[in-house]
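Student: Please work out how this folds:
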Amino acid sequence: MAVTVSAQSDDPHIVLADAVRQELESSSDFEAKLANMWDIYDTLTNLKVTEAEPYKYYYKGRELLDAATAAANRLINESMSEREELEWHLMAIELAMGRNLYWCEEVHEAEIRFMAALKLGLLAPKRQEKRYTFAIIDCLQQLANIWLERGDWTRAINFLLRSAHLYVAVEKKFENEQWESSDIVNLEKLKTLTIYGLARAYGGLGMVTLASRACSLTLSRQLEHNMDASDDAAKDAPFDYREWARNAVSLADYYIGRGEFWTAEYLMHAARALSIEWPEKIGEKRSDEFVAEIWRDVGRFYRTRLEISKFHEKRNADECLALWRCNAEVKEKREVAENDLGLSWECLADDHLESRRVQWGSEQGFPENVSLNDGFLLLDEKSAVAERVVENGEPTDDDGMLAIHLSGETVVQPAICFPTIHGSIERA
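Tutor: Numbering: from 1, shown residues only. Here you go, the predicted structure:
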């Protein structure tokens, strides 16, 4: 695993990393040495690299992680009383090694490390503590991403659904435990990534209704978490407004097929509004070409709506809508078997874990079995409900959904609302 860049390197970062690695060969004062190792590791993985040696510092970082693993295992063999805390450090190291391997495009090896870290977390006596919660969710998310990239939707959704159960269990604890606001923000960001993964997995499985709900909620949460453009430069993955706009337009196609044209139009103009306003927030020049592409899609939408309006001359509205949905809507697939969602752990952990077993408990957020419909645990929010048109001042249900006020007393509640940019969309 270890890759030595140079026996006599003149790179100060390499020299310092070698010194820290040598310190870890001694097990004394392990906690302090480990903290120093993490500082050096983070520095290494954030350094700029050349095209000739793109993974130079990542390889050196692996040497540090390997040395820390060896030191922790030596201490476990010497003192069983500290095993619990040492296994926490091992989980963090395995998780970091998995990311390192993934960044270096060694995906299979990364998967093994993520699984090893996950099992360490699930076997931990204090796995419901905050630090384990974040680490376990991170492992589940990383493994789901690997299987999403491979196009194996069933395996991916297995990990995502387990994340959903864990989120629900954690949120129940917020009232009883003191969580810092930054912890809650970070957890919500991880939750958004999980919902986005569910959108991809449900879409790949042909479950278009669940996919659309997950997609709409993802779009809404992305706006909530990213509307402060001043923070964008400091993020590992800055908000990509172009990708957001494209996803909104794609989701509009689904609602066109359902005959919910107000929601489709809402999504189209959300994409247009963000593509105009966001570049100004981050100090970029607006891409007129990209905005023109969205206007093209808006034009196609209006053409489609004109086509369906022709049928109104010969049929009533209900018959027209039923015929349109029959011709346009994508059919749901029901080919996924629940028994394909088993999670196995064989040959994925160190020898000293083989005699232990994962103790499952649904109420704690760790069910042994999951169901495809468990995605509703995260999607049961005000997302992708059916649109409604209210006329003549009729009362609307107090469901918190935003509305678009048309001429007269007609009010439209689209199936999806984006509070952060709703004003701009309504003006459109």
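Student: which residues of the stretch 101-250 of the chain fall in strands?
Tutor: Counting by DSSP state E, counting those that start in this stretch, no segments of the stretch 101-250 of the chain form strands.
Student: quick one, helices of it?
Tutor: 107-123, 130-150, 153-173, 181-204, 208-226, 241-258 (DSSP state H, counting those that start in this stretch).
Student: Now do the second one: which elements does it pack against?
Tutor: Pointing back at helix 130-150 there. helix 83-103, helix 107-123, helix 153-173, helix 181-204 (3 or more Cβ pairs under 8 Å, 6 or more residues apart in numbering; DSSP states H and E). The way it works is simple: take the backbone N, C-alpha and C, and place the C-beta from them, glycine included.
Student: which residues touch the longest one?
Tutor: The contact list for helix 181-204 (Cβ atoms under 8 Å, 6 or more residues apart in numbering) reads 130, 133-134, 137-138, 140-141, 144-145, 148, 151, 153, 156-157, 160, 163-164, 167, 170, 174, 208, 210-211, 214-215, 217-218, 221-222, 225, 375, 378-379.
Student: Residue 91 touches residue 123, doesn't it?
Tutor: No - applying Cβ atoms under 8 Å, one finds residue 91 not in contact with residue 123, separated by 9.5 Å.
Student: Same drill for these two, tell me which one is more crowded.
Tutor: Between residue 91 and residue 123, counted using other Cβ atoms under 10 Å, the more crowded position is residue 91 (25 against 17).
Student: How much space separates the more buried one from residue 113?
Tutor: Separation of residue 91 from residue 113 (Cβ to Cβ, to the nearest Å): 11 Å.
Student: Tally up the residues packed near residue 28, please.
Tutor: With other Cβ under 10 Å as criterion, residue 28 counts 9.
Student: What are the phi and psi values at it?
Tutor: Backbone torsions for residue 28, taken as degrees, to the nearest 10, come to phi -70, psi 150.
Student: check contacts around it.
Tutor: By Cβ under 8 Å, 6+ apart, residue 28 lies in contact with nothing.
Student: do residue 92 as well
Tutor: 117, 135.
Student: just checking, residue 389 is part of a strand?
Tutor: Yes - under DSSP: H, G, I helix; E, B strand; the rest coil, residue 389 falls within a strand.
Student: Next up, the contacts around it.
Tutor: By Cβ under 8 Å, 6+ apart, the neighbours of residue 389 are 262, 410, 411, 412, 413.
Student: Need the CA coordinates for stretch 283-299. CSV is fine.
Tutor: The C-alpha trace of stretch 283-299 is given here as CSV (Å, rounded to 0.1, in the frame of the first residue of the first chain):
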residue,chain,number,x,y,z
GLY,A,283,-19.5,37.9,-9.6
GLU,A,284,-19.5,35.9,-12.8
LYS,A,285,-20.6,37.1,-16.2
ARG,A,286,-23.9,35.7,-17.2
SER,A,287,-23.9,33.1,-19.9
ASP,A,288,-26.4,34.4,-22.5
GLU,A,289,-26.0,31.1,-24.4
PHE,A,290,-27.0,29.0,-21.4
VAL,A,291,-30.0,31.3,-20.7
ALA,A,292,-31.0,31.0,-24.3
GLU,A,293,-31.0,27.2,-24.0
ILE,A,294,-33.5,27.5,-21.2
TRP,A,295,-35.6,29.9,-23.1
ARG,A,296,-35.6,27.3,-25.9
ASP,A,297,-36.9,24.7,-23.5
VAL,A,298,-39.5,27.2,-22.2
GLY,A,299,-40.7,27.7,-25.8
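Student: How far away from the center of its chain is that stretch?
Tutor: Chain-centre distance of stretch 283-299: 27 Å, with Cα atoms, centre = their mean, to the nearest Å.
Student: same check, this time on stretch 205-223
Tutor: Stretch 205-223 sits 12 Å away from the centroid of its parent chain (Cα atoms, centre = their mean).
Student: can I assume residue 179 is in contact with residue 133?
Tutor: No - the pair residue 179 and residue 133 does not pass the contact test of Cβ under 8 Å, sitting 9.9 Å apart.
Student: the more surrounded of the two?
Tutor: residue 133 (22 against 14).
Student: Could you tell me the model confidence score at the more buried one?
Tutor: Residue-level confidence at residue 133 comes out at 88, pLDDT.
Student: can you check residue 272 too?
Tutor: For residue 272, the model assigns a pLDDT of 91.
Student: What residues of the helix or strand hosting it count as buried?
Tutor: If you go by DSSP states H and E, residue 272 is part of helix 261-281. For helix 261-281, the neighbour count (16 or more other Cβ atoms under 10 Å) marks 261-276, 278-279 as buried.
Student: Low-confidence ranges, the stretch 101-250 of the chain, go.
Tutor: Counting by pLDDT under 70, the stretch 101-250 of the chain has low-confidence residues at 174-178, 227-237.
Student: and with 90 instead?
Tutor: By pLDDT under 90, the weakly predicted segments of the stretch 101-250 of the chain are 119, 122-130, 133, 154-155, 158, 162, 165-190, 205-213, 216-217, 220-241.
Student: Name the residue closest to the centre of the protein, please.
Tutor: For the chain, the residue nearest the mean C-alpha position is residue 193 (1.2 Å; Cα atoms, centre = their mean).
Student: ok, that residue to residue 127 distance?
Tutor: Residue 193 is 21 Å from residue 127, by Cβ to Cβ.
Student: One more: residue 111?
Tutor: As defined by Cβ to Cβ, residue 111 lies at a distance of 21 Å from residue 127.
Student: neighbour-wise, which of those two wins?
Tutor: residue 127 (22 against 19).
Student: Could I get the contacting residues of the more buried one?
Tutor: 121, 136, 366.
Student: and the last one, bridged to which residues?
Tutor: Applying DSSP bridges to residue 366 yields these beta-bridge partners: residue 361.
Student: Quick check: it touching residue 124?
Tutor: No - shown here, residue 366 and residue 124 do not form a contact pair, counting by Cβ under 8 Å, at 11.2 Å.
Student: was I right about residue 115 contacting residue 143?
Tutor: Yes - with contact defined as Cβ under 8 Å, residue 115 reaches residue 143; the gap is 6.8 Å.
Student: more neighbours, those two?
Tutor: With neighbours defined as other Cβ under 10 Å, residue 115 and residue 143 compare such that residue 143 has more, 25 against 21.
Student: I'd guessed the more buried one sits against residue 162; true?
Tutor: No - counting by Cβ under 8 Å, residue 162 is not a contact partner of residue 143; they are 9.6 Å apart.
Student: tally of neighbours for residue 78?
Tutor: For residue 78, the neighbour count with other Cβ under 10 Å is 10.
Student: so what's the residue lying closest to it once chain neighbours are set aside up against?
Tutor: Excluding the flanking residues, the one nearest residue 78 by Cβ to Cβ, 6 or more residues apart in numbering is residue 27, at 7.2 Å. With contacts defined as Cβ under 8 Å, 6+ apart, residue 27 is in contact with 71, 74, 75, 78.
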